[in-house]
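[1] turn this into a model:
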Amino acid sequence: MPGELSALLATVCYALSNMFLRRGQEKTLPSDNGLFPILAIGGIILTVNLIFDGIDDPAPLLIGEGWVKNVFFCMSAGIVGTFLGRLALYAAIRRIGAIRGIIFIAMAPVVTLMIAISVLGERLSLLDVIGIALLASGIAILVVEGIAYSDRNMFSKVVRSGTVVAVVATLCQGIGYSFRKLGSGIPIDPIFAAALDTLAALFGYILVLVMMGKLRFYIQYYLTHINLWLVASGFLNAAAVFLFFEAVSETNVSVVSMITGSQPVVIALLCGVFMRDLERLTRFTIMSSIFVTLGVVMLGLK
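    Okay, here's the model as predicted:
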């Protein structure tokens, strides 16, 4: 499958996953926001897929001499980007909605770019400056929305806390993308990379729950409270992670980032049509989604 097509499918799967998550959060643990079942489902699906892939093709899953570094980068991306990033993102989605949460998280490439400049010695190009300006404009439009719709309590305590959490999610996912970028030059089987990423996030979360003494409660709760919206979100998220790594293995990381950067527009359209009772789609939100998407596209044009 062409890398560009994989990236496009990954974008749709991510958008649908977050949309279903938003619906499922209405009937799940507030303290968890649906993270545990989604990580568990993703880990199981990708592990099973990895096993069958290994049986079907006995060739080594790890390619190249630098595979140890890539394993480290994949697992680091899983811990920081997938576990911590989603932990914050899902909390933000519950507070400010899927559309606005994804718009904020679209700033993650800027964090990745800043790390690349400071660590890898990359330089800002004119397209980078334009992209950052467009992203900042998209966020500014959300602030304007808060003023225009003040009667809807856009600046309430819940929304303010959701915005702060969304910023934390942006930083975590930006760092996670940096780990993926550092490891992208070392070939690795995309199924194995996706499994490493998700399993690292899952076991990291399990460790935290064990330390907090909540693991047994979470397992019992989700086994006795089956939430089909979260199950669907978990399946779609697993597909998105695999398709992302598949795309990266077939084409340039910048191209993949550019395509997946269209997620704010995709999720805005989907939520505006299918989730009007939960998501507030205004002209400001549409404009913000477009600006943010254009900004990510500019950052991806190298």
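
[2] roughly how far apart are Ala238 and Gly213?
    Ala238 sits at a distance of 28 Å from Gly213 (criterion: Cβ to Cβ, to the nearest Å). Every C-beta, even on glycine, is put in place using the N, C-alpha and C of the backbone.

[3] burial of Ala238, as a residue count?
    When neighbours are counted by other Cβ atoms under 10 Å, Ala238 registers 25.

[4] quick thing: my sequence starts at 693, can you match it?
    Renumbered: residue one is now 693, and that last one reads Ala930.

[5] sec struct for it, please.
    At Ala930 the chain is in helix, as set by DSSP: H, G, I helix; E, B strand; the rest coil.

[6] list the residues that contact it.
    Shown in contact with Ala930 (Cβ atoms under 8 Å, 6 or more residues apart in numbering): Ile733, Gly734, Ile737, Leu738, Ala886, Thr890.

[7] now for those, which pair is the farthest apart?
    Farthest-apart pair in the contacts of Ala930 is Ile733 and Ala886; separation 13.4 Å (Cβ to Cβ).

[8] what about those two, which has more around it?
    Ala886 (26 against 21).

[9] now name the helix or strand holding Val860.
    helix 849-875 (DSSP states H and E).

[10] quick revisit: among the contacts of Ala930, which one has the lowest pLDDT?
    Within those, Ala886 has the lowest pLDDT, namely 82.

[11] quick one, what contacts it?
    Leu738, Ala930, Val933, Phe934, Phe936, Phe937.

[12] Val902 too?
    No contacts exist for Val902 under Cβ under 8 Å, 6+ apart.

[13] can you list the weak-confidence ranges in the stretch 693-842 of the chain?
    Counting by pLDDT under 70, the stretch 693-842 of the chain shows low-confidence ranges at 693, 747-759, 797-801, 804-805, 808, 811-814, 834-835, 837-842.

[14] which parts of it are helices?
    Under the criterion DSSP state H, counting those that start in this stretch, the stretch 693-842 of the chain contains helices at 695-716, 727-748, 759-769, 777-788, 790-797, 800-811, 818-840.
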